[in-house]
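# Predicted model follows, preceded by the sequence.
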Amino acid sequence: MTVIDVHTHMFTTKWLELLRDKSGIYNIQTRPDGQKEIFRGDTPVVIPQKGHFDWELRIQHMDQAKIDVSVVSLTCPNVYWGGEEVSVLAAREANDNVADAQSRYPDRIRWFASLPWEYPQRAVEELERSCARGAVGVMVLANVAGKSLTDPMFAPVWKAIDARKLPVLVHPTDPPGVDFMDMTKFDLSWSVGFMFDTTLAITRMIFEGFFDQYPDLKIIASHGGGTLPYLVGRFEKGDEVELPSRRQMKRKPTDYLRHIYYDSITYDLRPLQYLISVVGHEHVMFGTDWPHWVHDTKGAFANTGALPEAQCRAIRGSNAQRIFAL
């Protein structure tokens, strides 16, 4: 059975140094357990691990776990900081890192490009450069420095991605206002805030008719879609009572939920089963979140292994083969 991990991350030392020295908003603090953690102000964002920087360790992990291919991406806070030149430099650094790794491990590594979204012309240029270097998709955070993904300023980037029919991994970060919502402690910015960030981003896309405007996009909603599957009834009821003059989407909300894709990172079999019941197993792909402190490689295999064989095979590999043309 071919296994393709579509949600897994890498950093570089230079990227981390740029974030520390040039972002102006992110800082690195030491946790009580001695680990270094990236913060936005007082909000925890991500804990860099050895595996984020070591390609040999990644291949070793893949071999041990029996993962055939990893579609690698940068993660939050991505490159949306430091001004135009720093953002472009950080994107090139991250993209060249995975492109070089694909050259070294051509049968094992594919990758999502990171783009300086706040500077659309530069983002389109980096998209073209990245695709020439082998990128098979794009990763974007669920909010770009607080801006909605449907903001008109990003239209040139979405148009370029849509023209290439590329998969786009929508990955959460800490949503605006986490400090006002008291999410800075107990990692609530991760457990609750991340889910809220993805859910709000995709919901805006649905209700604003985004998928009608860009019909060839293959959006992948991280972490089992956040709370999107659970809200299907509220979406349908909200659409039912919407004023016709304000309605922007052409189909029903559930149709759009079944139009996009999801990863399998739910940490529990039951929400994975529910996700499948709403969107169909053909729209779910395997993910581990390795090498994050909260990665769930064992759980990803256990949960998919508990599904009927046809669903398991599709989610672990054949869906990604189809969507990424691997």
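Looks like it came in fine.
# What segments of this structure are strands?
Residue ranges of the strands in the chain, as given by DSSP state E, are 4-9, 26-30, 36-40, 43-46, 69-73, 109-114, 137-141, 167-171, 218-221, 261-263, 284-285.
# out of those strands, which comes closest to residue 317?
strand 4-9 (5.1 Å; Cβ to Cβ). C-beta coordinates here come from the backbone N, C-alpha and C atoms, glycine included.
# residues making contact with that closest one?
By Cβ atoms under 8 Å, 6 or more residues apart in numbering, the residues outside strand 4-9 that reach it are 52, 62, 67-75, 169, 171, 220, 222, 263, 265, 285-292, 300, 316-317, 320-321, 324, 326.
# Surely residue 26 is in contact with residue 77?
Yes: the pair residue 26 / residue 77 is scored as a contact, 6.1 Å apart, by Cβ atoms under 8 Å.
# what do the two both touch?
Common neighbours of residue 26 and residue 77 (criterion: Cβ under 8 Å, 6+ apart): 19, 38, 40, 45.
# Looking at the first one now. What's its pLDDT?
Here the pLDDT value assigned to residue 19 is 91.
# measure the residue nearest to it when sequence neighbours are not counted to residue 84 for me?
What sits nearest to residue 19 in space, not counting adjacent residues and going by Cβ to Cβ, 6 or more residues apart in numbering, is residue 26, at 5.3 Å. Distance of residue 26 to residue 84, given as Cβ to Cβ, to the nearest Å: 17 Å.
# What of residue 9?
Taking Cβ to Cβ, one finds residue 9 at 24 Å from residue 84.
# Residue 154 now?
In terms of Cβ to Cβ, residue 154 sits 15 Å off from residue 84.
# okay, these two: which has more neighbours?
residue 154 (20 against 12; other Cβ atoms under 10 Å).
# Show the pLDDT at that one.
Per the predicted model, pLDDT is 98 at residue 154.
# Please name the residues that touch it.
Residue 154 sits in contact with 117, 120, 144, 147, where contact means Cβ under 8 Å, 6+ apart.
# how about residue 317, what does it touch?
With Cβ under 8 Å, 6+ apart, residue 317 has these contacts: 1-4, 68, 286.
# So among these, which ones count as buried?
Using 16 or more other Cβ atoms under 10 Å as the burial test, the contacts of residue 317 include 3-4, 68, 286 as buried.
# Tell me which two of the residues you listed sit farthest apart.
Among these, the pair separated by the greatest distance (Cβ to Cβ) is 68 and 286, at 10.3 Å.
# intersection of neighbour lists for the two?
Residues touching both residue 68 and residue 286 by Cβ under 8 Å, 6+ apart: 3-4, 317.
# which one is residue 278 nearest to, not counting chain neighbours?
Distances taken as Cβ to Cβ, 6+ apart put residue 229 closest to residue 278, at 4.4 Å, once the chain neighbours are dropped.
# Give the partner strands of the worst-scoring helix or strand of the chain on mean pLDDT in its sheet and their orientations.
The helix or strand of the chain with the lowest confidence, counting by mean pLDDT, DSSP states H and E, is strand 43-46 at a mean of 83. Using DSSP bridges, the strands paired with strand 43-46 are strand 36-40 (antiparallel).
# Pull out the buried residues from the partner strand.
So, applying 16+ other Cβ under 10 Å, buried residues of strand 36-40: 37-40.
# same thing with stretch 174-191?
Buried residues in stretch 174-191 (16+ other Cβ under 10 Å): 174-175, 178, 183-184, 187-190.
# So what's the residue count around the closest residue to residue 314 other than its chain neighbours?
Setting aside the residues directly before and after it, residue 314 is nearest to residue 281 in space (Cβ to Cβ, 6+ apart), at 5.4 Å. The number of residues packed near residue 281 is 21, by other Cβ under 10 Å.
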